[in-house]
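Asks: what follows is a predicted structure for the sequence shown.
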Amino acid sequence: MKEKSHVVSKAPKSTIRELFDLASGRSDVISLGIGQPDFITPEPAILGNIEALKNKITTYAPTRGVPELLELLEKKVYRINNIKANWKDNIIVTNGGSQAITLAFASIFNPGDELIISSPNFISYFYCALFFGAKLIEIERNKDFSLNIKGIRDAITPKTKAILINSPNNPTGYALASSELKKIVEIIIENDLYLISDEVYENYIYDGLNHISPASLKDMFERTITLNAMSKLFSATGFRIGYVIASKEIINLMEKYHQYTVAGTNHAAQYGFIEALKMDTNFFKEILNSFDERRNLVCNRLKEIGFDLIKPRGAFYVMPSTKNFLLNGKEFSQRLMKEQAVAVVAGSTFGSFSDYMIRISYATEIEKLKEAMNRIEKFVQNL
Ligand SMILES: Cc1ncc(COP(=O)(O)O)c(C=O)c1O
């Protein structure tokens, strides 16, 4: 047989999937591996989807998305993110945040272009860069997971096309300070770059911090590709609905790519998102408080157990170091799964600078988190 795609072959099977394989068939496993909130999808989202199906919304959707949804998104990004977008020109509905990432890469990169990201970071960026021939330049985050601004500045070359930020961040839980964002914006403008801003965790932010969308800042709308999804706010990862806000030119390119690769986004599910967007966002306050409680519980217990960690300011992950236990993240996660049936993700999954870390998701009910922490304690005591 002739050779298959070199590019796709290079991407490894997801280590998060490997973890699921290790767990399969075991009922005793507590998973702290998954990036999915545990609360039930709000009823309006579910009913909106069901009603649409009953009304025979089973045809192709308009390529950019259902107009009513686009209009609601225009209002949402103005009200919540202070972004002035026009629904006819600047928005496209995607198959989750994941396809929003794909569209961002498809619309701006040519082979050989360079993309700067701060590591550790979300895995999909690494392989989308590979698929679109972009060279990924990883800059190690500072010890507190803030951005290494000097490192980013020094990494700029004539081939640099874009910088990607994800705040609040998966996997570190870091949320950018407004002063850091300002510096990134300066670099973008000075060097005539694009900024890809993945904001899927915008609602999961603690300690009174505010999420700032860079597309709302002066001179940044045309340069910023803002990615978001219904997945995390509405605990609706299976709906596969996301969206992009960008300049008219970029959305036009995205529409073409979208048309010829997926021909649109799930039609009925878009009506679920429409009903979700009509909800009062207060529904999320209680949920956020519960995530905050879990964050405090997990961080306090991990510290008691002997981990060094940076307390996350957003999302629902914490990324402690495994150095104190003389194991790298991969050894730690594999042995923890075998010996105590707790699933956590090895840090090496998220780039070149996190071999001695693990990612723990605390999007799990409190009682299970407590039990998982007890098991982790037992595991490290037996090392
Ligand atoms: C940072 C980040 N961006 C994008 C996504 C993809 O979101 P979706 O599930 O909507 O495809 C995820 C999912 O975990 C994520 O963590």
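Replies: Nice, thanks for sending it over. Just so we're clear, the structure is a prediction, and the values are computed from it rather than from any experiment.
Asks: next SSE downstream of the longest helix along the chain?
Replies: Longest helix in the chain by number of residues (criterion: DSSP state H): helix 283-305. Following the chain from helix 283-305 toward its C-terminal end, the next helix or strand by DSSP states H and E is strand 317-318.
Asks: helices or strands next to that next one in the packing?
Replies: Identification of packing neighbours for strand 317-318 by 3 or more Cβ pairs under 8 Å, 6 or more residues apart in numbering; DSSP states H and E yields helix 283-305, strand 358-361. To be clear about C-beta, it is placed using only N, CA and C from the backbone, and glycine gets the same treatment.
Asks: domain boundaries for this structure, per the record?
Replies: Residue ranges of the domains in the chain are recorded as 6-41+283-381, 56-277, according to automatic domain parsing.
Asks: near the ligand, anything from the last one?
Replies: So the one you mean is domain 56-277. Yes. Shown here: domain 56-277 in contact with the ligand (Cβ under 6 Å from any ligand atom) through Gly96, Gly97, Ser98, Phe122, Asn166, Asn170, Asp198, Val200, Ala229, Ser231, Thr237, Gly242.
Asks: on that earlier part again, ok, residues contacting the longest helix of the chain?
Replies: Contacts of helix 283-305 with the rest of the structure, by Cβ atoms under 8 Å, 6 or more residues apart in numbering, involve 37, 39, 42, 203-204, 206, 233, 309, 311-312, 316, 318, 320, 360, 362-364, 366, 369-370, 373, 376-377, 380.
Asks: centre of the chain versus that helix, how much separation?
Replies: Distance of helix 283-305 from the chain centroid (Cα atoms, centre = their mean, to the nearest Å) equals 19 Å.
Asks: buried stuff in it?
Replies: Phe284, Ile287, Phe291, Arg294, Arg295, Val298, Cys299, Arg301, Leu302, Ile305 (16 or more other Cβ atoms under 10 Å).
Asks: what is the nearest of these to Asn90?
Replies: Relative to Asn90, the closest of the buried residues of helix 283-305 is Phe284; by Cβ to Cβ it sits at 25.1 Å.
Asks: quick one on the thing from earlier: mean confidence (pLDDT) on the longest helix of the chain, please.
Replies: Summarised as a single mean, pLDDT over helix 283-305 is 97.
Asks: can you tell me which helix or strand of the chain has the lowest average pLDDT?
Replies: Evaluated with mean pLDDT, DSSP states H and E, the helix-and-strand set of the chain has its lowest mean pLDDT in helix 15-23, which scores a mean of 72.
Asks: mind giving me the packing neighbours of the helix or strand following that helix?
Replies: For helix 15-23, the following helix or strand on the C-terminal side (DSSP H and E) is strand 30-31. Applying 3+ Cβ pairs under 8 Å, 6+ apart, one finds that strand 30-31 contacts strand 342-343, helix 366-381.
Asks: and of the ones you listed, who's closest to the ligand?
Replies: Nearest to the ligand, of all the helices and strands packed on strand 30-31, is strand 342-343, at 15.6 Å by Cβ to the nearest ligand atom.
Asks: using PDB, list the CA coordinates for stretch 100-109.
Replies: Once non-C-alpha atoms are left out, stretch 100-109 reads as follows in PDB (Å, rounded to 0.1, in the frame of the first residue of the first chain):
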ATOM      1  CA  ALA A 100     -13.600  27.400  15.600                       C
ATOM      2  CA  ILE A 101      -9.900  26.700  16.100                       C
ATOM      3  CA  THR A 102      -9.700  24.800  12.800                       C
ATOM      4  CA  LEU A 103     -11.300  27.700  11.000                       C
ATOM      5  CA  ALA A 104      -8.900  30.200  12.600                       C
ATOM      6  CA  PHE A 105      -5.900  28.200  11.400                       C
ATOM      7  CA  ALA A 106      -7.400  27.600   7.900                       C
ATOM      8  CA  SER A 107      -8.100  31.200   7.300                       C
ATOM      9  CA  ILE A 108      -4.700  32.800   8.100                       C
ATOM     10  CA  PHE A 109      -1.900  30.300   7.800                       C
END
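Asks: which residues are contacting that stretch?
Replies: 92, 94, 115, 124-125, 128-129, 131-134, 161-162, 194, 196, 198, 225, 227-229, 242-244, 246, 250, 253-254, 257-258.
Asks: among these, the buried ones, what's the ChimeraX command?
Replies: Buried members of the contacts of stretch 100-109 can be picked out in ChimeraX with the line below, counting by 16+ other Cβ under 10 Å:
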select :92,94,115,124,125,128,129,131,132,134,161,162,194,196,198,225,227,228,229,242,243,244,246,250,254,257,258
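Asks: tell me which parts of the stretch 251-383 of the chain are close to the ligand?
Replies: When proximity is defined by Cβ under 6 Å from any ligand atom, the stretch 251-383 of the chain lies next to the ligand nowhere.
Asks: find the closest residue to the ligand in the stretch 251-383 of the chain.
Replies: Distances from the stretch 251-383 of the chain to the ligand, computed as Cβ to the nearest ligand atom, single out Ala315 as the nearest residue at 7.5 Å.
Asks: from Tyr127, how far off is that residue?
Replies: In this structure, Ala315 lies at 20 Å from Tyr127, with Cβ to Cβ, to the nearest Å as the measure.
Asks: can you check Gln340 too?
Replies: Distance from Gln340 to Tyr127, by Cβ to Cβ: 30 Å.
Asks: cool, and Lys323?
Replies: Distance from Lys323 to Tyr127, counting by Cβ to Cβ: 27 Å.
Asks: just the helices in the stretch 151-300 of the chain please.
Replies: Here the stretch 151-300 of the chain has its helices, by DSSP state H, counting those that start in this stretch, at 178-190, 248-261, 267-277, 283-305.
Asks: what's the shortest one in contact with?
Replies: Spelled out, that is helix 267-277. Taking Cβ under 8 Å, 6+ apart as the rule, helix 267-277 contacts 42, 44-49, 51-53, 57-61, 65-66, 68-69, 72-73, 76, 93, 230, 234, 236, 239-241.
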